[in-house]
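**Student:** Give me the fold of what follows.
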Amino acid sequence: MSSANSSGHNWSQKSKTEEEEDPLDQMISRTGCAAFHYAVQECMAEHQDWRKCQEQVQSFKDCMREHQKQRAEELRSRQKLRQATS
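**Tutor:** Have a look, this model is predicted:
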């Protein structure tokens, strides 16, 4: 059996901020809608009632819908390009 000091994988320690990076936050950041998401979170923290945050929720929803629309268009154009080069 190999010891912990034997050569093999050299796992480096991640910094505290890397360990705490939420995968959901990473995904939302890639959409360009992070500011809207944070606005919903801030509103919820302040009011503790999602019904009082409908404006922020709707803005986030609109942003995500636009991102999904752009992503779908991008995927369709890539698929057309692949079909044209096949």
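
**Student:** all contacts plus neighbour counts: C-alpha atoms, from now on.
**Tutor:** Will do.

**Student:** quick one, longest helix in the chain?
**Tutor:** Longest helix in the chain, counting residues (DSSP state H): helix 54-85.

**Student:** Can you tell me, leaving aside adjacent residues, what's nearest to residue 31?
**Tutor:** residue 67 (6.1 Å; Cα to Cα, 6 or more residues apart in numbering).

**Student:** List the buried residues in the longest helix of the chain.
**Tutor:** Within helix 54-85, the residues scored as buried using 16 or more other Cα atoms under 10 Å are 56, 57, 59, 60, 63, 64, 67.

**Student:** so where's the protein shaky on pLDDT?
**Tutor:** For the chain, the stretches with pLDDT under 70 are 1-19.

**Student:** wouldn't residue 56 be in contact with residue 41 here?
**Tutor:** No: taking contacts as Cα atoms under 8 Å, residue 56 lies outside contact range of residue 41: 9.0 Å.

**Student:** quick revisit: how much space separates the residue nearest to residue 31 from residue 60?
**Tutor:** In this view, residue 67 and residue 60 are 11 Å apart by Cα to Cα, to the nearest Å.

**Student:** Can you pull the phi/psi pair for the residue lying closest to residue 25 once chain neighbours are set aside?
**Tutor:** Setting aside the residues directly before and after it, residue 25 is nearest to residue 34 in space (Cα to Cα, 6+ apart), at 7.5 Å. According to degrees, to the nearest 10, the main-chain angles of residue 34 amount to phi -60, psi -40.

**Student:** Count the neighbours of residue 34 for me.
**Tutor:** The local packing of residue 34 (other Cα atoms under 10 Å) involves 18 other residues.

**Student:** Against residue 75, how distant is it?
**Tutor:** As judged by Cα to Cα, residue 34 and residue 75 stand 22 Å apart.

**Student:** Over to residue 20?
**Tutor:** The gap separating residue 20 from residue 75 is 31 Å, by Cα to Cα.

**Student:** for the spatially most central residue of the chain, phi and psi?
**Tutor:** With distances taken as Cα atoms, centre = their mean, residue 27 lies nearest the centre of the chain, 1.2 Å away. The phi and psi values for residue 27, taken as degrees, to the nearest 10, are phi -60, psi -50.
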